[in-house]
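K.L.:
Provided below are the primary sequence and the corresponding predicted coordinates.
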There are 2 protein chains.
Amino acid sequence: MKKLKRSARLVEMTQFLLHRPHTLIPLTTFAERYSAAKSSISEDLVIIKEVFEEEGMGDLLTLAGAAGGVKYIPRMPKSISLPIIEQLSRKLEEPDRILPGGYLYMTDLLGQPALMNEVGKMIAAAFADAHIDVVMTVETKGIPLAYATAAQLNLPVVLVRRDHQVTEGSAVSINYVSGSNKSIHTMTLARRALKEKSRVLIVDDFMKAGGTIQGMIDLLHEFEAVVAGVGVLVEAGDIESDERLLSDNDYISLAKLTHIDFKTKQISVEPGNYFEGMKK
Amino acid sequence: MKKLKRSARLVEMTQFLLHRPHTLIPLTTFAERYSAAKSSISEDLVIIKEVFEEEGMGDLLTLAGAAGGVKYIPRMPKSISLPIIEQLSRKLEEPDRILPGGYLYMTDLLGQPALMNEVGKMIAAAFADAHIDVVMTVETKGIPLAYATAAQLNLPVVLVRRDHQVTEGSAVSINYVSGSNKSIHTMTLARRALKEKSRVLIVDDFMKAGGTIQGMIDLLHEFEAVVAGVGVLVEAGDIESDERLLSDNDYISLAKLTHIDFKTKQISVEPGNYFEGMKK
């Protein structure tokens, strides 16, 4: 790459870092890329770090020493995330979203990649320091959120299927009981999809009693993997406590469906436990 | 936002534009955001535009006049995209990927969000000027690619289901014949998921004879929607011409599986028709 002026270098370095979250980039990479002195690169990084922090985009960690470099850790302050979730909540309260069984029609919202990327960044920020190896979800609706989260953490996604895909070789299947209507389902994961001892972040779009999530947790035990966290976009908060399979400390939720009145078609959605105790 | 120096402004504007592809941003938005004169903003944009073009990140279109502003159009030059696809092809040629029925195990690669974002950008670049309204795919494996493509085009994703989801209201179902083994399947799309006359880009991870794609095209006719394009990651190129449901002009492919030898486990993968006639 030809020698760039500082202004051009700042633009290029910004895009380079944004496209490589949670990736250690040695200063020499930048120095060679731009034919610039390491001292100049360091000065550039100070400027970028300041803007990233000021604008709530995340941290730029600088690691000193021979194996050192810089790492971009996406974060999102409450001042940015809460208004996004408030806006989403108002949309979820639209009366024609009520579906049979106490579910909400969310397909239109889950179909917006920009929104998924925002909420994925929120979940990623919550687990930025949890040493996750892989993000896991079960088909189908949680997939975009799982990918958006994994992209911000620079991690792969493992997808649990609801049927047995014979095309993927040997697999582990488990039965699980969907907590809300007590029906029995099967979920399957290919043997080669997940390494033993992996630290796994489970992501899904909606959680009612938690049966599907519990199914994924059970499946992870079969792989001797570790559940490092659970993140859901919306939890149904009006579940009787004896029906709940997960306790409040076991997961984070971005929004909470606190009430549905089928007669009046009134829906109430509030910010989830993600925001509890969050300072700014 | 407080007044920023030019250097900080460049960092902030770069991230702002990268997060909003195919979105017209009035200069006044930037001027107010940074308490800066429009003339300064224009100078900043010249610098950013130069870097974006030089590095093959895309175009920064400037639209003059009262309704004017700036729009970031993601592009990817062949010098960046071809090496990514060459590397992917070598991975796809690993002998243990052969699955029954002439399919390839691609789950591990499809599970890499960073790779999906790269190839999604390639497909998005090919259809940047095709006036697409919505990106469509059928569950399950094409979903990450469809979202990655749609994100770069600032468009929603519509997901065709393989079963009828009673929870989503009235729906249109069609039967289609999977071209390779002639089995009959059903695909379903909720009525409220797609507006009539929409211009639709169909995206999928793998295309053999084209039966699944043809099914989506048939489904779109039921919605009186327009097929504005078809993009697939890998096409099987060793299909007899009388079995092929789509002709070469009907779709773009990023990679082409030209040969599988089940006995010797040899696989050959070449760049797809996406690269034909592409200059740089």
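P.N.:
All right, it came through fine. Numbers count the residues shown, from 1 in each chain, chains lettered A, B, ... in the order given.

K.L.:
How about the helix or strand of chain A with the lowest mean pLDDT and chain B, touching?
P.N.:
Using mean pLDDT, DSSP states H and E, strand A:103-104 stands out as the lowest-scoring helix or strand of chain A, at a mean of 81. Yes: using Cβ under 8 Å from any Cβ of the partner chain, a contact is recorded between strand A:103-104 and chain B, made by A:Tyr103. For every residue, glycine as well, the C-beta is placed using N, CA and C.

K.L.:
centre of the chain versus that strand, how much separation?
P.N.:
From the chain centre to the centre of strand A:103-104 is a distance of 21 Å (Cα atoms, centre = their mean, to the nearest Å).

K.L.:
Not counting that strand itself, show me its contacts.
P.N.:
A:Leu92, A:Arg97, A:Ile98, A:Phe206, A:Lys208, A:Val234, A:Leu257, A:Ile260, A:Ile267, B:Thr167 (Cβ atoms under 8 Å, 6 or more residues apart in numbering or on different chains).

K.L.:
Could you double-check that the fourth one lies in contact with A:Ile213?
P.N.:
No: counting by Cβ atoms under 8 Å, A:Phe206 sits too far from A:Ile213 to count as a contact (10.1 Å).

K.L.:
pLDDT score assigned to whichever residue of the stretch 1-150 of chain A sits closest to chain B?
P.N.:
Nearest residue of the stretch 1-150 of chain A to chain B: A:Pro113, at 3.8 Å (Cβ to the nearest Cβ). A:Pro113 carries a pLDDT score of 98 in this model.

K.L.:
what about A:Glu55, how many neighbours?
P.N.:
Applying other Cβ atoms under 10 Å in any protein chain shown, we find 17 residues neighbouring A:Glu55.

K.L.:
Could you chop chain A up by domain?
P.N.:
As recorded under automatic domain parsing, the domains making up chain A are A:6-74, A:78-275.

K.L.:
Give me whichever of these is most buried.
P.N.:
domain A:78-275 (a mean of 19; mean count of other Cβ atoms under 10 Å in any protein chain shown).

K.L.:
Now do the end-to-end distance for that domain.
P.N.:
7 Å (Cα to Cα, to the nearest Å).

K.L.:
Same check on stretch A:243-250?
P.N.:
The first residue of stretch A:243-250 is 15 Å away from its last residue (Cα to Cα).

K.L.:
got it, and stretch A:128-142?
P.N.:
End-to-end distance of stretch A:128-142: 20 Å, with Cα to Cα as the criterion.

K.L.:
likewise stretch A:32-42?
P.N.:
By Cα to Cα, the extent of stretch A:32-42 from end to end equals 13 Å.

K.L.:
about what we covered before: can you list which of the contacts of strand A:103-104 are found in helices?
P.N.:
Using DSSP state H, the subset of the contacts of strand A:103-104 located in helices is A:Leu92.

K.L.:
closest to B:Arg33 among the contacts of strand A:103-104?
P.N.:
Closest approach between the contacts of strand A:103-104 and B:Arg33, by Cβ to Cβ: A:Leu92, at 29.2 Å.

K.L.:
Name the nearest residue to the closest one, ignoring sequence neighbours.
P.N.:
A:Val269 (4.6 Å; Cβ to Cβ, 6 or more residues apart in numbering or on different chains).

K.L.:
residues touching that neighbour, list them.
P.N.:
A:Leu88, A:Ser89, A:Arg90, A:Leu92, A:Glu93, A:Val234, A:Ala255, A:Lys256, A:Leu257, A:Thr258.

K.L.:
Show me the shaky parts of the stretch 151-280 of chain A.
P.N.:
Counting by pLDDT under 70, the stretch 151-280 of chain A shows low-confidence ranges at A:164-167, A:179-181.

K.L.:
and the longest helix along chain A, anywhere near chain B?
P.N.:
For chain A, the helix with the greatest residue count under DSSP H is helix A:38-54. Yes: applying Cβ under 8 Å from any Cβ, one finds helix A:38-54 touching chain B at A:Ile47, A:Ile48, A:Glu50, A:Val51, A:Phe52, A:Glu54.

K.L.:
From those, pick the one nearest B:Arg191.
P.N.:
Set against B:Arg191, the nearest of the residues of helix A:38-54 next to chain B by Cβ to Cβ is A:Phe52 (44.0 Å).

K.L.:
Now do the same for the closest one: its pLDDT.
P.N.:
Residue-level pLDDT assigned to A:Phe52 equals 96.

K.L.:
Contact partners for it?
P.N.:
Shown in contact with A:Phe52 (Cβ under 8 Å, 6+ apart): A:Gly58, A:Asp59, A:Leu60, A:Tyr72, B:Val11.

K.L.:
10 Å instead?
P.N.:
Taking Cβ atoms under 10 Å, 6 or more residues apart in numbering or on different chains, we find A:Phe52 in contact with A:14, A:17-18, A:45, A:58-60, A:72-75, B:11-12, B:15.

K.L.:
and the residues you listed, which two are the farthest apart?
P.N.:
The widest separation within the contacts of A:Phe52 (Cβ to Cβ) is 17.9 Å, between A:Ile73 and B:Glu12.

K.L.:
For the residue nearest the centre of chain A, pull up the helix or strand it's in.
P.N.:
Closest to where the C-alpha atoms of chain A average out (Cα atoms, centre = their mean) is A:Thr149, at 3.1 Å. Secondary structure from DSSP states H and E places A:Thr149 in helix A:143-153.

K.L.:
following that helix, which helix or strand comes up?
P.N.:
Using DSSP H and E, the first helix or strand after helix A:143-153 is strand A:157-160.

K.L.:
can I have the helix or strand that contains A:Leu17 written out in CSV, keeping just the CAs?
P.N.:
Taking DSSP H and E as the criterion, A:Leu17 maps to helix A:6-18. Extracted C-alpha coordinates of helix A:6-18, given in CSV (Å, rounded to 0.1, in the frame of the first residue of the first chain):
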residue,chain,number,x,y,z
ARG,A,6,-2.4,10.9,8.5
SER,A,7,-5.9,11.9,7.6
ALA,A,8,-6.2,9.1,5.0
ARG,A,9,-4.5,6.7,7.4
LEU,A,10,-7.1,7.4,10.1
VAL,A,11,-9.9,6.6,7.7
GLU,A,12,-8.2,3.4,6.6
MET,A,13,-7.3,2.3,10.2
THR,A,14,-10.8,3.0,11.4
GLN,A,15,-12.4,0.6,8.8
PHE,A,16,-9.6,-1.9,9.4
LEU,A,17,-10.3,-2.1,13.1
LEU,A,18,-14.1,-2.0,12.8
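
K.L.:
could you say what helices and strands that helix packs with?
P.N.:
helix A:27-33, helix A:38-54, strand A:58-63, strand A:69-74, helix B:6-18, helix B:38-54 (3 or more Cβ pairs under 10 Å, 6 or more residues apart in numbering or on different chains; DSSP states H and E).

K.L.:
which residue does the stretch 151-280 of chain A bring closest to chain B?
P.N.:
Proximity of the stretch 151-280 of chain A to chain B (Cβ to the nearest Cβ) peaks at A:Ala151, 3.8 Å away.

K.L.:
which non-adjacent residue is nearest that residue?
P.N.:
Spatial nearest neighbour of A:Ala151, excluding adjacent residues (Cβ to Cβ, 6+ apart): B:Pro113 at 3.8 Å.

K.L.:
Would you enumerate the residues in contact with that neighbour?
P.N.:
A:120, A:135, A:146-157, B:120, B:144, B:147-148.

K.L.:
quick one: low-confidence parts of the stretch 1-150 of chain A?
P.N.:
With pLDDT under 70 as the threshold, the stretch 1-150 of chain A has low-confidence stretches at A:1-2.

K.L.:
Does A:Lys49 touch A:Ile73 like I think?
P.N.:
No: at 11.1 Å, A:Lys49 does not count as touching A:Ile73 under the criterion of Cβ atoms under 10 Å.
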